[in-house]
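Novice: coordinates for the following, if possible.
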Amino acid sequence: MRALVTTQDPAAKISSRVEEVDEQRLPDGDVLVAIDWSSLNYKDALCLNGLGNLVKTYPHVGGIDFAGRVVESRDARYHPGQAVILTGWRVGEIHWGGYAQRARVNADWLVPLPKKLSTRDAMVLGTAGLTAMLAINRLKGVGISPDMGPVLVTGAAGGVGSLSVMLLSRLGYKVSAATGRPEIGERLKRLGAEEIISREDLALSPKVLGKERWAAAIDSVGGPILASVLKQLKYGGAVASIGAAADPAFPGSVIPFILRATSIVGIDSVMAPFEARQAAWDRVRDLFSAAAYDGFVTEARLGDVPGHAAAMLKGGVAGRVVVNPRDASD
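Specialist: Below you'll find the predicted structure:
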C-alpha cells in the first residue's frame with residue numbers, strides 16, 4: 001500500500017515522503033479499513049513538522065482522521081464493505097493514521113458513516129466539522145439560543161471556524177465571523193456570516209469590561225483575542241473554547257464571569273465518547289451542504305500534504321484540505 005511516511009534522521013530532522021509500505025507493518029487493531037479520504041488539520045501539520053511532541057516514535061504515518069470502508073473485522077459491530085469514519089483517539093499521533101491507503105484500528109474508535117454523507121463529505125467535515133458541531137451542541141446545552149443575539153466565530157477562515165459559520169447559520173443563529181484574512185470575507189458571507197470582523201476590531205482593551213456584543217462565541221484562537229471576547233459577551237453568555245492557534249494562555253480576569261455570569265466551556269473531540277460523536281455526526285449530516293461549502297475545499301494527493309501543512313502553520317490555508325490516498329499521480 002502507499003503511505004506518506006514521516007521519519008526522523010540522526011540529526012533529528014523531520015521529513016515525509018510517499019512510500020510503498022507492507023500492510024503487515026500496520027499497527028495492531030481489530031478492524032482493517034480501506035481509506036477513501038483523509039484530511040489535513042492543524043494537529044496534522046504539527047505532527048508532520050515534528051512540533052508539539054505529539055509523535056513519539058518514527059517512522060510514522062500521520063493523519064488524525066479518515067473515512068473509508070471496512071476490509072476485515074474481528075468486531076461484530078462492523079462488517080466488510082461498511083462505510084466508517086475515524087477521528088481522534090490520538091490516531092495520527094501515537095497510532096498510524098489516515099495518510100495511507102489502509103489503516104488498522106480499534107473498533108471502539110470508529111463511527112458508522114451516517115446516511116446522506118459520502119466518505120468525501122465526511123472528510124470535508126472531519127475533525128473540524130465534528131469539533132464545530134460538538135461546540136454548538138455544548139453552547140445549546142448551556143442555554144444559548146438564536147434569539148439571544150449574535151454568535152462570534154474567531155479564526156473563521158480556518159476549518160473549524162468556517163464550518164461553525166455554516167452550521168450556526170443553518171440553525172438560525174446570527175453569525176459574526178472574525179478573521180485576519182479580509183479576502184475571505186465574501187466567501188464567509190456566502191456561508192451565512194452576517195458580519196465580518198477584523199482582528200484589529202478585537203484588540204484587547206485595558207477596560208475590565210466592554211460593550212455587550214455577543215451572546216456566545218466559538219474560539220479557536222486563545223490569547224488576547226479570547227480575553228477580548230470575554231469582555232464583550234452579553235450577560236449569561238458563553239465561549240466554546242476549541243483551540244489555541246495564537247496562544248494557550250490569555251490575559252483575562254474573573255470580572256466578566258462574576259459581573260456578567262459568563263462562562264467558558266471546553267470542547268474536546270479527541271477522546272469524546274461514542275454517543276456524543278454519533279449525535280454530532282447525525283446532526284451535522286442534516287445541516288451540511290457540500291455544494292455551499294465547495295469553495296472552501298482543496299483536494300490533495302499524499303505527496304502534496306507536507307506543502308499544505310507548511311502553509312497551514314503560516315496561516316496560509318483557508319477552509320479544508322481533503323486528502324485522496326488513492327491518487328497515485330504524485
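
Novice: residues near Gly307, how many?
Specialist: 10 (other C-beta atoms under 10 Å). The way it works is simple: take the backbone N, C-alpha and C, and place the C-beta from them, glycine included.

Novice: what do you get for Asp147?
Specialist: Asp147 has 8 nearby residues by other C-beta under 10 Å.

Novice: quick one, what contacts the closest residue to Glu194 other than its chain neighbours?
Specialist: Once flanking residues are discounted, Glu194 sits nearest to Lys174: 5.3 Å by C-beta to C-beta, 6 or more residues apart in numbering. By C-beta atoms under 8 Å, 6 or more residues apart in numbering, the contact list for Lys174 reads Pro146, Gly149, Pro150, Val151, Glu194.

Novice: one more: Tyr235?
Specialist: Applying C-beta under 8 Å, 6+ apart, we find Tyr235 in contact with Glu212, Arg260, Ala261, Thr262.

Novice: now, which of those lie within helices?
Specialist: Arg260 (DSSP state H).

Novice: format the contacts of Tyr235 as JSON lines; extra columns: neighbour count.
Specialist: JSON lines is the format used below for the contacts of Tyr235 (neighbours: other C-beta atoms under 10 Å):
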{"residue": "Glu212", "neighbour count": "14"}
{"residue": "Arg260", "neighbour count": "18"}
{"residue": "Ala261", "neighbour count": "13"}
{"residue": "Thr262", "neighbour count": "21"}
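
Novice: would you reformat the contacts of Tyr235 as TSV and include pLDDT?
Specialist: Conversion of the contacts of Tyr235 to TSV gives the following (pLDDT from 0 to 100):
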residue	pLDDT
Glu212	96
Arg260	97
Ala261	97
Thr262	97
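
Novice: show me which pair in the contacts of Tyr235 is furthest apart.
Specialist: Taking C-beta to C-beta as the measure, those span a maximum distance of 11.9 Å, between Glu212 and Ala261.

Novice: dump the contacts of Tyr235 to TSV, plus distance to Gly295.
Specialist: Putting the contacts of Tyr235 into TSV (distance: C-beta to C-beta, whole Å) gives the following:
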residue	distance to Gly295
Glu212	33
Arg260	37
Ala261	39
Thr262	34
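
Novice: between the contacts of Tyr235, which is nearest Gly236?
Specialist: Nearest member of the contacts of Tyr235 to Gly236, counting by C-beta to C-beta, is Ala261, at 5.2 Å.

Novice: check which helix or strand covers the nearest residue to that closest one once chain neighbours are set aside.
Specialist: What sits nearest to Ala261 in space, not counting adjacent residues and going by C-beta to C-beta, 6+ apart, is Gly236, at 5.2 Å. Using DSSP states H and E, Gly236 sits within strand 233-241.
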